[in-house]
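Asker: With the sequence up front, the predicted model follows.
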Amino acid sequence: MDILDLQAKSIPAALQSRIDALAIAAPTAPWLSAAEKQHLKDTIKTLLKQKNAQLVAHYYVDDELQALAEETGGKVADSLEMANFGAQSKADILVVCGVRFMGETAKMLSPEKTILMPDLNATCSLDEGCPPEEFAKFCAKYPDHKVVVYANTSAEVKAIADWVVTSGNALEIVSHLKAQGEKIIWAPDQHLGNWIEQQTGIEMIRWQGNCIVHHEFQTYELQALKEKHPDAKVLVHPESPKEVVALADVVGSTRVMIEAVQNMPDQKFIVATDYGIFYKMQQVAPGKTLIVAPTGGSKNTCNSCAHCPWMAMNSLQNLAACLQNMTGEVLIEESIRVKALASVERMLQFSRQQGLVKIQA
């Protein structure tokens, strides 16, 4: 169905200003020699051992950080699996290489641990585009609706919600709520919400947000790329526009896409998600060809810019600094943490009952 609320159909001006400022002013990590990189990696490994810390990294951060997490006994995963790993860890400190909502989720599930991030300013357009106060007012207009929010939201928004979902379990949870006769408010990703509506047949009141990476995948250019590579299968994350999703052979979460590359017999894939995922895809299927889906036309300065600028704020330099100086600690007001945890735990309990072993986002 069409979006029911009357919010502006573009990225909010305040968020766009932050994106523009990030593009202009965000510090670029200086070029490092192989020796300098190795020194930083050795320093990080030493600090992790000294402080009984573990590193968890999202699929979208740079390859070197993902590799470092694996080499040190940490975890490379989606946001909820990162947090679950942290909750089961015996480490005193978790260092989350990702974006802020991921650090917050880790803190919700591991309140007794110190949660650090290389840069607390690393955020998410879905999170930023759903301010808690505005969202609370929006929800108040529909008191008979269950509030279902995507994992890519702040702790304050999760505290408002009845359910938190991921792209890996949203279909099952929304289908369950539909069977119970519930009406649903969905936030914040409009494209994921549209895909869920199409798959389940339910109509939801949708908050209008989007991921600045997935929102930019282009239909015309993707079709042209398909014609250039007719033997390639197209993998699309459901945060992408519906016209792009319609061109996909496989639609799903990060884990679904990785498993598709690993298990499908095809040798070539066009991938419509953040290209940070290529590290893990190449790891599980080293002989296969991966192509970044186009995010801009021929007149753009970048045709395949599918990388989150906030994920790119994680680096070897600031990872070493946060461990050395114990900076970048993620803190959540306890009353907010408890409320937000309730909606997360509801999701986890449902997933366990339904046998949804993988917790995906």
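Answerer: Yep, it's here. Numbers count the residues shown, from 1 in each chain.
Asker: and for stretch 285-298, what are the contacting residues?
Answerer: 213, 216-218, 220-222, 224-225, 229, 232, 234, 236, 244, 261-262, 266-273, 275, 278, 281-282, 302-306 (CB atoms under 8 Å, 6 or more residues apart in numbering). For every residue, glycine as well, the C-beta is placed using N, CA and C.
Asker: can we see that at 7 Å?
Answerer: With contacts defined as CB atoms under 7 Å, 6 or more residues apart in numbering, stretch 285-298 is touched by 216-218, 221-222, 225, 229, 232, 261-262, 267-272, 275, 278, 281-282, 302-306.
Asker: Equivalent analysis for stretch 42-57, please.
Answerer: Stretch 42-57 has contacts (CB under 7 Å, 6+ apart) with 65-66, 68-69, 72-76, 82, 85-86, 89, 91-98, 319-320, 323-324.
Asker: Would you confirm that L222 contacts V244?
Answerer: Yes. Applying CB atoms under 7 Å as the test, L222 and V244 come out as touching, 6.1 Å apart.
Asker: Same drill for the two, tell me which one is more crowded.
Answerer: Set side by side, L222 and V244 show more neighbours around V244, with 27 against 22, by other CB atoms under 10 Å.
Asker: Now that one. Nearest residue, chain neighbours left out?
Answerer: Spatial nearest neighbour of V244, excluding adjacent residues (CB to CB, 6 or more residues apart in numbering): F217 at 4.6 Å.
Asker: show me what contacts the one you found?
Answerer: 240-241, 244, 272, 293, 295.
Asker: Nearest to T254, out of those: which one, please.
Answerer: A272 (11.8 Å; CB to CB).
Asker: Look up which residues are beta-bridged to that closest one.
Answerer: A272 forms beta bridges with V236, as assigned by DSSP bridges.
Asker: Excluding residues flanking it in the chain, which one is nearest Q262?
Answerer: According to CB to CB, 6+ apart, the nearest residue to Q262 is V284 (4.3 Å).
Asker: Can you report how many residues neighbour that neighbour?
Answerer: There are 12 residues near V284, going by other CB under 10 Å.
Asker: For it, list the residues it contacts.
Answerer: 258, 261-262.
Asker: Make a ChimeraX selection of the buried ones in these.
Answerer: The following ChimeraX line selects those of those that are buried, judged by 16 or more other CB atoms under 10 Å:
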select :258,261
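Asker: between the contacts of V284, which is closest to Q353?
Answerer: The closest of the contacts of V284 to Q353 turns out to be I258 (CB to CB; 25.0 Å).
Asker: Can I take it that I291 is in a strand?
Answerer: Yes. Remark: I291 belongs to a strand, assigned using DSSP: H, G, I helix; E, B strand; the rest coil.
Asker: what sits against H58?
Answerer: Shown in contact with H58 (CB under 7 Å, 6+ apart): 79, 82, 97-98, 102, 311.
Asker: the strands in this structure, which residues?
Answerer: For the chain, the strands defined by DSSP state E cover 53-58, 75-77, 93-97, 114-116, 145-150, 163-165, 183-187, 205-206, 233-236, 250-251, 268-272, 289-292.
Asker: can you put those strands in a markdown table and add distance to L348 and mean pLDDT?
Answerer: Shown next, in a markdown table, are the strands of the chain (distance: least, CB to CB, whole Å; pLDDT from 0 to 100):
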| stretch | distance to L348 | mean pLDDT |
| --- | --- | --- |
| strand 53-58 | 17 | 98 |
| strand 75-77 | 15 | 96 |
| strand 93-97 | 18 | 98 |
| strand 114-116 | 18 | 98 |
| strand 145-150 | 15 | 98 |
| strand 163-165 | 9 | 97 |
| strand 183-187 | 19 | 98 |
| strand 205-206 | 24 | 98 |
| strand 233-236 | 27 | 98 |
| strand 250-251 | 24 | 98 |
| strand 268-272 | 28 | 98 |
| strand 289-292 | 32 | 96 |
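Asker: Tell me which of the ones you listed sits nearest to F135.
Answerer: Using CB to CB, the nearest of the strands of the chain to F135 is strand 183-187, at 6.3 Å.
Asker: was I right about V148 contacting T166?
Answerer: No. Using CB under 7 Å as the test, V148 is too far from T166 to be in contact (11.3 Å).
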